[in-house]
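**Student:** sequence unknown, structure follows:
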């Protein structure tokens, strides 16, 4: 299984008037432009996804929708509370393992520091962050069997700037 992990794009700052909760913060225009470049880079990488699974928070949902539109997967887009900032990695892994048929390539869209902790857990067995995903950052993990703990290899980690050069 290949797990592609994407942090949401640039969003309205926390505490901005008019947005009642953290979950309500949308992408800003610059964030949307950045994500279109990232989606173009994904196409150039010939990345194919069986499923895009996203946090339901607005900025993550918008990120996932932009990517889904660019790669033609609007019908294979789903949402999981386990990708919110307070998500449970063990429950997320169980959810992914219960998917039928088992997907080969999954794009996960979420938030920091949760995503870095998830990556660290899957590559080292510990949730101590050893990587940092910038807004719009993307990494690829490869695993034979997805489990809670050390089970994956970091194939690559790209910054938004690197993906802009690829688009």
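**Tutor:** Noted; the coordinates are in hand. Because the structure is predicted, anything quoted here is derived from the model rather than measured.
**Student:** show me where this structure has strands.
**Tutor:** In the chain, the strands defined using DSSP state E lie at 2-7, 51-54, 77-79, 105-110, 138-143, 152-158.
**Student:** What strands flank the last one, and is each parallel or antiparallel?
**Tutor:** In the sheet, strand 152-158 lines up against strand 138-143 (antiparallel) (DSSP bridges).
**Student:** Can you give me the buried ones in the strand it pairs with?
**Tutor:** For strand 138-143, the neighbour count (16 or more other CB atoms under 10 Å) marks 138-141 as buried. For glycine as for every other residue, the C-beta is placed from the backbone atoms N, C-alpha and C.
**Student:** That strand vs strand 2-7, what angle?
**Tutor:** 150 degrees (axes from the mean of the first three to the mean of the last three CA atoms, to 10 degrees).
**Student:** Can you give me the buried ones in the worst-scoring helix or strand of the chain on mean pLDDT?
**Tutor:** Within the chain, no helix or strand scores below helix 160-166, which has a mean of 86 by mean pLDDT, DSSP states H and E. Residues 160, 163-164 are the ones in helix 160-166 that count as buried (16+ other CB under 10 Å).
**Student:** same thing with stretch 92-101?
**Tutor:** 92-93, 95-96.
**Student:** now do stretch 103-117
**Tutor:** In stretch 103-117, counting by 16+ other CB under 10 Å, buried: 103, 106-112, 114-117.
**Student:** who's in contact with that stretch?
**Tutor:** 1-8, 47-55, 57, 60, 63-64, 67, 83-87, 89, 96, 118, 127-133 (CB atoms under 8 Å, 6 or more residues apart in numbering).
**Student:** Contacts only, for the residue lying closest to residue 80 once chain neighbours are set aside.
**Tutor:** Residue nearest to residue 80 in three dimensions, not counting chain neighbours: residue 53, with 5.4 Å by CB to CB, 6 or more residues apart in numbering. For residue 53, the contact set (CB under 8 Å, 6+ apart) comprises 78-80, 83, 96, 106-109.
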